[in-house]
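1. Turn this into a structure:
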Amino acid sequence: MAAGHIALWAVVALVLVALAFDFMNGFHDAANSIATVVSTGVLKPHQAVVFAAAFNFIALFVFQLKVATTVGRGIVDQGVVDHYLVFGALVGAIAWNVITWYYGLPSSSSHALIGGLAGAAVAKAGGWALSPAGILKTVAFIFISPLVGFLLGMLLMLAVSWIFFRSTPSRVDRWFRRLQLVSASLYSLGHGGNDAQKTVGIIWMLLIAAGLSAPQDPVPLWVVAACYITIALGTAFGGWRIVKTMGQRITKLKPVGGFCAETGGAAMLFTATAFGIPVSTTHTIAGSIVGVGAAQSVSAVRWGIAGNIVWAWILTIPCSALMAGLAWWLAHALLAG
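-> This next block holds a predicted model:
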């Protein structure tokens with residue numbers, strides 16, 4: 001569809017659907033930001049979600065929009081984008097988020113959106129519509145981000161154990177209850193910085209396709225502000241089913257472990273966002289938590305639970321792509337004529 005042939009009402013409706021996805025992203029991924037700080041008892045749940053939501057929004061003033069550029073122009077060929085494709089991508093991503101939230105599985109909202117874009121684009125135009133570089137970079141980090149999170153979490157836990165070897169457990173606990181507020185704020189900052197930009201990217205893609213923005217123009221400020229505010233609101237409501245899985249079922253965390261997991265995860269997110277890579281905050285923090293548990297004892301990790309989470313990761317892109325392709329086909333069949 002040529003630029004400018006998308007009705008204004010369709011653009012407005014799809015922007016609202018995109019913001020609904022953004023809200024669900026914050027709601028679904030709140031566990032990533034708050035599970036460790038809640039499970040260690042440093043903050044109460046209602047304090048933690050407000051704390052995390054505030055730093056999700058503050059990320060607006062910290063990070064450049066490199067992830068938004070990758071999603072908006074680096075996953076799907078801009079020439080095939082129309083309102084049916086964007087609708088299919090969003091429906092596929094939202095549907096997968098709802099399914100995994102219902103079953104308490106911490107899957108990736110980010111990869112659900114990427115899968116949705118890919119599925120709708122392939123349904124419309126075939127595999128040539130995909131950008132190999134953007135897809136390969138995103139798929140690679142399905143494995144790289146949890147692995148790096150695992151290594152950083154483990155190394156930090158081992159380093160802290162060595163540094164505080166002669167300290168009493170009560171003193172260590174007292175110190176890291178304070179330090180965990182710092183690490184939790186950094187992780188929430190990284191979460192907002194990487195995840196809000198994915199919705200920025202898809203709205204920007206839609207505006208370019210509708211002829212309301214040019215590819216060389218900067219992203220409209222209202223789009224950026226709306227996406228950061230919305231993801232912060234989603235985080236404030238919190239996805240409590242997933243908090244229990246992330247904070248208690250993988251491994252038991254103390255404040256020192258929570259600090260190491262959040263710090264390792266935040267380092268990974270800051271790096272990925274700086275390079276414009278849309279990574280999964282879910283994969284990153286889960287890998288860090290497993291690394292912290294493994295540093296203490298291999299038996300401290302519930303590997304069966306971790307295995308179920310990995311299966312959810314593997315299925316996210318193909319399942320969201322399939323649902324997005326079906327949504328594109330239905331929308332096109334019912335409305336195109």
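
2. So which helix or strand of this protein has the lowest pLDDT on average?
-> Least confident helix or strand of the chain, by mean pLDDT, DSSP states H and E, is helix 240-244 with a mean of 52.

3. what's whichever helix or strand comes after it packed up against?
-> With elements assigned by DSSP states H and E, the helix or strand that comes after helix 240-244 is helix 255-274. Helices and strands touching helix 255-274, by 3 or more C-beta pairs under 8 Å, 6 or more residues apart in numbering; DSSP states H and E, are helix 8-39, helix 66-73, helix 132-163, helix 169-209, helix 281-296. For every residue, glycine as well, the C-beta is placed using N, CA and C.

4. OK, contacts around H283?
-> S108, I142, S145, P146, G149, W313 (C-beta atoms under 8 Å, 6 or more residues apart in numbering).

5. which of those has the weakest pLDDT?
-> In terms of pLDDT, the weakest of the contacts of H283 is W313, which scores 73.

6. ok, that one - how many residues close by?
-> By other C-beta atoms under 10 Å, the residues close to W313 number 20.

7. cool, T138 as well?
-> Close neighbours of T138, defined as other C-beta under 10 Å, add up to 25.

8. Assumed F165 was part of a strand.
-> No - secondary structure assignment (DSSP: H, G, I helix; E, B strand; the rest coil) places F165 in coil, not in a strand.

9. gap between it and S183?
-> F165 is 21 Å from S183, where distance means C-beta to C-beta, to the nearest Å.

10. between the two, which one's more packed in?
-> In this view F165 and S183 are compared by other C-beta under 10 Å, and S183 has more residues nearby, 24 against 8.

11. Please verify my assumption that that one contacts G257.
-> No - between S183 and G257 there is no contact under C-beta atoms under 8 Å: 10.8 Å.

12. contacting residues around T230?
-> Here T230 is in contact with L19, D22, F23, G26, A196, T199 (C-beta under 8 Å, 6+ apart).

13. Equivalent analysis for T70, please.
-> Counting by C-beta under 8 Å, 6+ apart, T70 touches G134, K137, G201, G276, I277, P278.

14. For Q47, state which of the contacts of H283 is nearest.
-> Closest approach between those and Q47, by C-beta to C-beta: G149, at 24.8 Å.

15. which residues does that closest one contact?
-> Contacts of G149 by C-beta under 8 Å, 6+ apart are G264, G265, M268, H283, T284, I285, A286, G287, S288, G291.

16. swap in H46?
-> Per C-beta under 8 Å, 6+ apart, neighbours of H46: none.

17. Check Q78 too.
-> Q78 touches M205, I208, A209, P215, counting by C-beta under 8 Å, 6+ apart.
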